[in-house]
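Student: Quick one: sequence plus predicted model below, questions after.
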Amino acid sequence: HRLLWADNADAISRLYAGTPALKGDFTRTGKRTKRGALDDGLNSLQRYYLNNFIDADRQEGMDLLVGNTDFNLVPLDYDESSRVF
């Protein structure tokens, strides 16, 4: 039961945050380990990186796929006077 619960938490966390769930060692064994704390620290660093450098591009792509993009706000790189209708 614990392993299934922990595996499910890891799967959901990977989809949402890009890393396995934190404190998975406690969920699986009922004990907090030094290795688990180290893994959580590394996962937290990875989440920080993903959140600050990668997720904005992913979110922009998802918004584009689901039609949640306002194309009127996209800046134009050309002169409006040369536009052909």
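Tutor: Good, I have the coordinates.
Student: Centroid-nearest residue for the protein?
Tutor: Ala17 (3.8 Å; Cα atoms, centre = their mean).
Student: Model confidence score at it, please.
Tutor: As predicted, Ala17 sits at a pLDDT of 91.
Student: repeat for the one 10 residues further on
Tutor: According to the prediction, Thr27 has pLDDT 94.
Student: how much space between it and Asn43?
Tutor: 14 Å (Cβ to Cβ, to the nearest Å). To be clear about C-beta, it is placed using only N, CA and C from the backbone, and glycine gets the same treatment.
Student: For Asn43, grab the count of nearby residues.
Tutor: For Asn43, the tally of surrounding residues (other Cβ atoms under 10 Å) stands at 19.
Student: Same question for Asp40.
Tutor: 19.
Student: Ramachandran coordinates for Leu22?
Tutor: The phi/psi pair for Leu22 (degrees, to the nearest 10) reads phi -80, psi 150.
Student: circling back: my guess is the residue nearest to the centre of the chain contacts Leu50, does it?
Tutor: Yes. Counting by Cβ atoms under 8 Å, Ala17 does reach Leu50; the two are 7.4 Å apart.
Student: Next, the closest residue to Ser13 other than its chain neighbours: phi, psi?
Tutor: What sits nearest to Ser13 in space, not counting adjacent residues and going by Cβ to Cβ, 6 or more residues apart in numbering, is Ala21, at 4.0 Å. Per-residue torsions, Ala21: phi -60, psi 150 (degrees, to the nearest 10).
Student: Could you measure from Ile54 over to Leu4?
Tutor: From Ile54 across to Leu4, the span is 30 Å (Cβ to Cβ).
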